[in-house]
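Trainee: Here is my input; please provide its structure:
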Amino acid sequence: MLCNNAVELLRELQRDTWLPHYNNETIRIVLKEIAQHFDDIVKLLDTMPANEDERKQEDVCQVLAQHTTLERNKRCLLAYIKYRADELLKIKWECGTSVLPSELKEKLCTQEVALMTGYDDLLAKYQESTGVTITDDLEPPKSTKITIRVLENCGVLTDEGWVELAVNTMHHLRRSDVQDLIRQGSLQHIP
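Mentor: Alright, predicted model coming up:
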């Protein structure tokens with residue numbers, strides 16, 4: 001059936017609970033199919049008479065079918081790539097750090113790693129030029145200080161100095177001081 005490989009890429013995204021490994025082999029196959037359909041269209045058009053009245057209905061239908069298949073393959077590839085890019089950017093905003101988790105990095109292709117690196121550079125330049133750290137909060141904070149519960153022994157540097165955070169203790173600290181530790185799972189925000 002036409003477009004099976006391209007549709008399989010989308011089904012793979014649907015089946016996986018998280019971002020699946022980049023399927024380079026299937027993408028190459030789909031790109032070859034697109035190139036083959038394009039070559040077939042060009043050959044058909046070269047053999048068709050210039051006058052529309054002299055063209056066979058079967059040839060015109062075949063060109064349309066080949067073109068529709070080519071376009072569907074392209075749309076499926078673009079949907080696959082866009083979904084992956086959107087998920088990567090969502091993960092970036094949720095993690096808030098420029099370091100990719102190792103379990104994620106092994107699932108990416110070189111272009112996706114370059115996307116994340118370039119995006120991090122753009123965010124860093126923007127934040128540096130404005131003086132505002134926009135990756136701290138996904139939602140506007142209600143207050144500058146929050147109550148946290150410590151899940152792992154750690155420490156944090158605040159305006160008042162170094163604060164040791166022992167497991168199972170609760171503290172009331174500035175959100176910006178502890179946001180990274182909350183995202184990493186060392187602390188838990190208590191609403």
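
Trainee: Buried residues of stretch 148-166, list them for me.
Mentor: Within stretch 148-166, the residues that qualify as buried are 148, 150-151, 154, 156, 165, counting by 16 or more other C-beta atoms under 10 Å. Where you see a C-beta, it was placed from the backbone N, CA and C, and this is true even at glycine.

Trainee: Show me the two of those that sit farthest apart.
Mentor: With distances taken as C-beta to C-beta, the most widely separated pair in those is 151 and 156, at 13.5 Å.

Trainee: what's the weakest-modelled helix or strand in this protein?
Mentor: Using mean pLDDT, DSSP states H and E, helix 102-105 stands out as the lowest-scoring helix or strand of the chain, at a mean of 81.

Trainee: CA atoms only: put that one into CSV for me.
Mentor: Provided in CSV are the C-alpha atoms of helix 102-105 (Å, rounded to 0.1, in the frame of the first residue of the first chain):
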residue,chain,number,x,y,z
SER,A,102,21.1,11.0,28.9
GLU,A,103,18.0,8.8,28.2
LEU,A,104,16.7,11.5,25.9
LYS,A,105,20.0,12.3,24.2
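
Trainee: And the contacts of it?
Mentor: Helix 102-105 has contacts (C-beta atoms under 8 Å, 6 or more residues apart in numbering) with 19, 91, 113.

Trainee: Okay, and which of those map to helices?
Mentor: 91, 113 (DSSP state H).

Trainee: got any residues that touch both of residue 151 and residue 156?
Mentor: By C-beta under 8 Å, 6+ apart, no residue touches both residue 151 and residue 156.

Trainee: Extract the residue ranges of this protein that are flagged as low pLDDT.
Mentor: Low-confidence segments of the chain, defined by pLDDT under 70: 1, 96-98, 136-138, 141.

Trainee: where do the strands sit along it?
Mentor: 145-150, 154-158, 161-165, 170-174, 187-190 (DSSP state E).
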